[in-house]
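K.L.:
what follows is a predicted protein model with its sequence.
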Amino acid sequence: MKCIQCGTDNTLKDRTEHLGACKNCQHRFAFEPTQMPAVKVTDPMFAKAIADLSANNSLFYTPKQLLYFLDRRLRSKASMSKAGWIFLYFFVTGFFSLLIGSFLSDILNFSLIPWVAIVVSTLFVYLLYRSSRAVRATTKQRRASAESLIVVGVIILVVGIIISITIESFLFCAFSIVLGMMTIYLGRLQKSRQSEFSQEFLIGQSDLAEWLIRWQNVNGSIAQLLPPPNEQAAPVTISPEISTYSFDRLVVCDTAAIAQLLIANNFHFENNCAILSITGYPQSIFDTTMQMLRRNPALKVYVFHDCSPRGVELIHRLSSSERWFQNSNVVMIDVGLLPKQILAAQGMFIQSSPESAQAAKQLSPEVRDSLSIADVEWLEAGNFVELESFSPQRLIQVLNRGIAGTQELDASGSDGFLLIGDSGYVYSTDSFG
Amino acid sequence: MDKVAQLLRSAQPPQIVGCWGYGDDSTLEVLSVLDATCPPTLNSSLLDVGLSASRFFTEREQADAWATVAEERLILGRDAFGRVPLYWTQVEHVIWFASRSQVLLPLLKERAISIEAMYGYSCFSYVPTPLTPVQGINAIPAGTEMSWTRDEQTMCISPPQSSRSFEWREADTLLADESDAIAQLQTLLKDAIDRETSDLGNEPVGVLLSGGLDSSIVAALLVQAGAKVRAYSLDFGGTGTSEYLYAEQVAQWLNIPLVKVDASPQRIRNALIPTVQALDLPFGDGVTVPLFLLSEAASRDTRVIFNGEGGDQLFAGWTNKPIIAASVYQTHHPGEEESFTHQYLRTFHRLWGYEALAYDPKVYAQVKHLQAQDWLQDAIDPAFTPSLLSRLRRASLMLKGAQNIHPRATALGWAHGLKVRSLFCNMPLAQWTFGLSGSLCLQGSCEKYILKRAVEDWLPPDIVWRQKRGMGVPLTAWCFNQWWHDLGDWLNPNRLSAEQLWQPDLAAHVVEGKLGAAMAGRRMGEVLWLLVMWEMWMANVHQPGSLDPHPPSWNHLSWNHPFWLPSWVWKYRQKWKE
């Protein structure tokens, strides 16, 4: 493992001899991968993850974003590509067929190698099928498994027919065709169902918390890592000469963490907008900011949310809440994550929970009417995708694009606005798609 | 006196040039003005000369820059709007001065770059006064007089004394009554245009019409004053935010002819070097070459052009809004609580904060000790302007206005022999705005509220009430398309390496997003353009011929950059890498 301070490579022996410090500069290592039971993390890997997530320390991020980011990095290290699966299939099938087949053939005095190959192939297909729906794998990994199933199916079909002709066995031919066709079908089925499968973290929040403590003990605090948002702050007074004015637009988030992230990264400064969460964050300036916003009759509200029951109903909550924009004609624009985007996209980190399923079933009729049947089914299965599964840079890009896109639409007089209920006009962007 | 003659020969009219002090054992006093209509002459009988952006040579009272000799004393001064620059250098016991810095360059023994000035340029896109990019040449700040005295006995001159001749300050009582303010403002605007058109007679005038509020007001007032007006507007050829349609709407409303000026990337590229030479100092904003093209087009029809520069500064244009947003969220920023100075500094959106990534290591070692906020302190001093909007107005007038917008507008107009008139550079009008309540300037989120109310009957409602976001020169789109290969020449790593000022791969790092997440989209084009303008200034003004402005020969070019690839190939490569 290389030292992050001087770049010197230290072997396990070096690290042990120097009591966990670099042999060259004596800088301590935060992690000792050989002593980590399941997931192994090295100092250079952790340092690079922090640098990459923060775009070279230029952006703030939440602990959960770090969790998602590390999880993705650790998975990609252990992932198997399509070519890898095919190679493994040939190796395993060839090796075991020859080994076991030859052994049995000698005992029974009858060539069983093709039949052993069929049995091994069946087991391999089962393994691939399991892998194509594994909850701890990424969508990309599961997709690779599903596509490998299709290729393996074709191989079983073609090679099986050729062998059955050679050994003149109708039964073998029938087995090969059934197994091959079934494997292709399973592969296609699993490939098309990827957006329905949920995913679990490879590492737990407690693992990350422990790693962060170790890292910060050695390397000091991580400047770009945000603390949990303080949602109990008492109101503060904003100078009247500032609160007299207003903002061009408002971004409402469904979590305080995302609002905090945007504020920390100066999104309000770059876009002259107010940023609030539906929970009222930042509580200390919430009322003053709302008063300022009400001074702009042409206010535009951009709604930025998770793909979850709570997220998709955010516009409805804003337009029906007295605290927000009940009986107001403000334009609300949905720039958040929607089920149709998840269903159309690849590689999203989809999670699932009974609570989310329950919340989906309690969605109001107005919100249900604004979604397709497939969207509702997806939500009712308990699925959800969090905005924090994206890097801060990506979130800012998407939000910028959402705002710029609607400004251009305004200028061109486009009719891309959809009417939802009677509360206002909503434009749905496909920025995440 | 040979030096004086040489100085006069190299200077282009209209200009003030001169020297004062003790030369070759005798008293030296030469002030001169250069007029296009007569040959350069030495005139030691002149004791007071003044130069004005809008009238060329004029009385001291109406001048934007002046030089005066009185009682063994030399005084050089500039007005508060900063329309005409003035530079000086000292060689032994002689003060040499000129209204263009290039004229003073031959007097220097060596032309060393001022790292401090270069840092200021990279933070603001202009060189903050009193610096200039060349060590030894100094600028007189706007609203300042500098004076030197002679000692006859020692035949030496004293160190310069600097004094503010004018301060922008908030009035003691603020006007909050809307109808009174509208009436007063209408009168002030009409008086201002009367002053600017009083000497015109039947002469046709041009107006640089962006389609925004300020230039449209100027056009409307000129028409009301009975001037023969011709408008000029830019056409970016389909890229960027087109303002031409708005300009057309105004021209139709006012019934004046409108000339569409082609500002395609090809034309911008061709006009780059003449623009840099005309500007004299490096100015890194994207509007400079388009404005050069506008002036060039106008000079075919007229001798006088009007612009709407200065309206944003006086009436709280949209650029004030980010500061207000930052002030609201100040206590929620996770970093240290940002001062007003830091917030203001961030509004420039250039290379401040990227020092370690932008400069050559040796330059960085010097730059990291500099504080860019020092150049702002005087302008944002709350002692003169207690309320927020007045402070922003003062800062905007003293910084972006007097050090960037107005001197560059004058230089670009003068390059084509045009007298440049700015309606909003009117002292009674400007001082009146310091007596306005903030809510009359920025009401809710409506910027320039009182100005809009005062002129709403003079212009189409769309023009008055639409939200403006500044002139959108599509620099990023041009950099990533039409100028892609040019960037490989203009900012070639070998060039940057030879200068030892910037990181050699800076341009590649900018386009690859290696400067951080905030350096994206339009910011990339702005920073690339900032660097291009600096390099062009180096090659064509500072050391003409030292760096060939045209593509260097093959063996001088480095190919270690992405710009030799077709831009679409590079974009695919980037996408694949991501």
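P.N.:
Received it, and whenever you're ready, just let me know what you need.
K.L.:
of all the residues in chain B, which one is nearest chain A?
P.N.:
B:Gly516 (3.1 Å; CB to the nearest CB). From N, CA and C alone the C-beta is placed, and that goes for glycine too.
K.L.:
and that residue, how many residues sit next to it?
P.N.:
Using other CB atoms under 10 Å in any protein chain shown, B:Gly516 has 18 other residues around it.
K.L.:
got it, and A:Lys140?
P.N.:
Neighbour tally, A:Lys140, other CB under 10 Å: 16.
K.L.:
from B:Ala70, how far off is the spatially most distant residue from the centre of chain B?
P.N.:
For chain B, the largest distance from the centre (CA atoms, centre = their mean) belongs to B:Gln153, which lies 42.6 Å off. B:Gln153 sits 20 Å away from B:Ala70, taking CB to CB, to the nearest Å as the criterion.
K.L.:
hmm, back to that, and the residue of chain B closest to chain A, how close does it get to B:Ala365?
P.N.:
From B:Gly516 to B:Ala365 the distance is 21 Å (CB to CB).
K.L.:
try B:Leu208
P.N.:
Remark: distance between B:Leu208 and B:Ala365 (CB to CB) = 43 Å.
K.L.:
between those two, who's got more neighbours?
P.N.:
B:Leu208 (28 against 11).
K.L.:
which ones are touching residue 113?
P.N.:
Just going to use chain A. By CB atoms under 8 Å, 6 or more residues apart in numbering or on different chains, the contact set of A:Ile113 is A:97-98, A:101-102, A:105.
K.L.:
wait, chain B
P.N.:
By CB under 8 Å, 6+ apart, the neighbours of B:Ile113 are B:133-135, B:501, B:542.
K.L.:
now those residues as a markdown table including secondary structure, neighbour count and distance to chain A?
P.N.:
Formatted as a markdown table, these follow (DSSP: H, G, I helix; E, B strand; the rest coil; neighbours: other CB atoms under 10 Å in any protein chain shown; distance: CB to the nearest CB, whole Å):
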| residue | secondary structure | neighbour count | distance to chain A |
| --- | --- | --- | --- |
| B:Pro133 | coil | 24 | 28 |
| B:Val134 | strand | 24 | 33 |
| B:Gln135 | coil | 17 | 33 |
| B:Leu501 | coil | 20 | 22 |
| B:His542 | helix | 19 | 32 |
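K.L.:
which residue in those residues has the weakest pLDDT?
P.N.:
Minimum pLDDT for the contacts of B:Ile113 is recorded at B:His542 (87).
K.L.:
hang on, isn't that residue packed against B:Arg111?
P.N.:
Yes - counting by CB atoms under 8 Å, B:His542 touches B:Arg111, with 6.2 Å between them.
K.L.:
need the overlap of contacts for these two.
P.N.:
Counting by CB under 8 Å, 6+ apart, the residues touching both B:His542 and B:Arg111 are B:105, B:134.
K.L.:
coming back round to it: chain B: which of the contacts of A:Ile113 is nearest?
P.N.:
Nearest to chain B out of the contacts of A:Ile113 is A:Ser97 (CB to the nearest CB; 39.1 Å).
K.L.:
so the closest one touches A:Phe124, yeah?
P.N.:
No - using CB under 8 Å, A:Ser97 is not in contact with A:Phe124; the gap is 11.2 Å.
K.L.:
quick one: buried residues of the longest helix along chain B?
P.N.:
The longest helix of chain B (DSSP state H) is helix B:178-197. Neighbour counts over helix B:178-197 (16 or more other CB atoms under 10 Å in any protein chain shown) mark B:181-182, B:184-186, B:188-189, B:192-193, B:195-197 as buried.
K.L.:
over to stretch B:144-162?
P.N.:
B:144-148, B:150, B:157, B:160.
K.L.:
try stretch B:228-238
P.N.:
Neighbour count says stretch B:228-238 has B:228-234, B:236-237 buried, by 16+ other CB under 10 Å.
K.L.:
do a quick rundown of the strands in the stretch 401-550 of chain B.
P.N.:
Applying DSSP state E, counting those that start in this stretch to the stretch 401-550 of chain B gives strands spanning B:419-422.
K.L.:
neighbours around A:Ala30, how many?
P.N.:
Residues near A:Ala30, counting by other CB under 10 Å: 21.
K.L.:
tell me the phi and psi of the residue farthest from the centre of chain B?
P.N.:
The phi and psi values for B:Gln153, taken as degrees, to the nearest 10, are phi -70, psi -50.
K.L.:
any stretches of chain A with poor pLDDT?
P.N.:
Along chain A, the parts satisfying pLDDT under 70 run over A:76-79, A:405-433.
K.L.:
show me how it divides into domains.
P.N.:
A:1-43, A:61-225, A:240-426 (automatic domain parsing).
K.L.:
out of these, deepest packed?
P.N.:
Sort the domains of chain A by mean neighbour count, taking mean count of other CB atoms under 10 Å in any protein chain shown, and domain A:240-426 sits at the top with a mean of 19.
K.L.:
and that one, how far out from the chain middle?
P.N.:
19 Å (CA atoms, centre = their mean, to the nearest Å).
K.L.:
just checking that domain against chain B, any contact.
P.N.:
Yes - under the criterion of CB under 8 Å from any CB of the partner chain, domain A:240-426 makes contact with chain B via A:241-248, A:260, A:263-266, A:268-270, A:272-275, A:282, A:284-285, A:288-289, A:292, A:295-299, A:392-393, A:396-397, A:400.
K.L.:
is it true that A:Cys25 touches A:Ile4?
P.N.:
No - contact between A:Cys25 and A:Ile4 fails when scored by CB under 8 Å: they sit 10.1 Å apart.
K.L.:
mind checking the SS state of the closest residue to B:Val261 other than its chain neighbours?
P.N.:
Using CB to CB, 6 or more residues apart in numbering or on different chains and skipping the chain neighbours, the partner closest in space to B:Val261 is B:Ala297 (4.6 Å). Following DSSP: H, G, I helix; E, B strand; the rest coil, B:Ala297 is assigned to helix.
K.L.:
run a quick neighbour tally on B:Ala297.
P.N.:
So B:Ala297, with other CB under 10 Å, has 20 neighbours.
K.L.:
domain parsing of chain B, as residue ranges.
P.N.:
Following automatic domain parsing, one gets these domains for chain B: B:2-164, B:178-319+B:389-465, B:474-577.
K.L.:
most packed of those domains?
P.N.:
domain B:178-319+B:389-465 (a mean of 21).
K.L.:
can you say which helix or strand has the residue of chain A at minimum distance from chain B in it?
P.N.:
Of all residues in chain A, A:Ser58 sits closest to chain B, at 3.1 Å by CB to the nearest CB. For A:Ser58, there is no helix or strand it lies in under DSSP states H and E.
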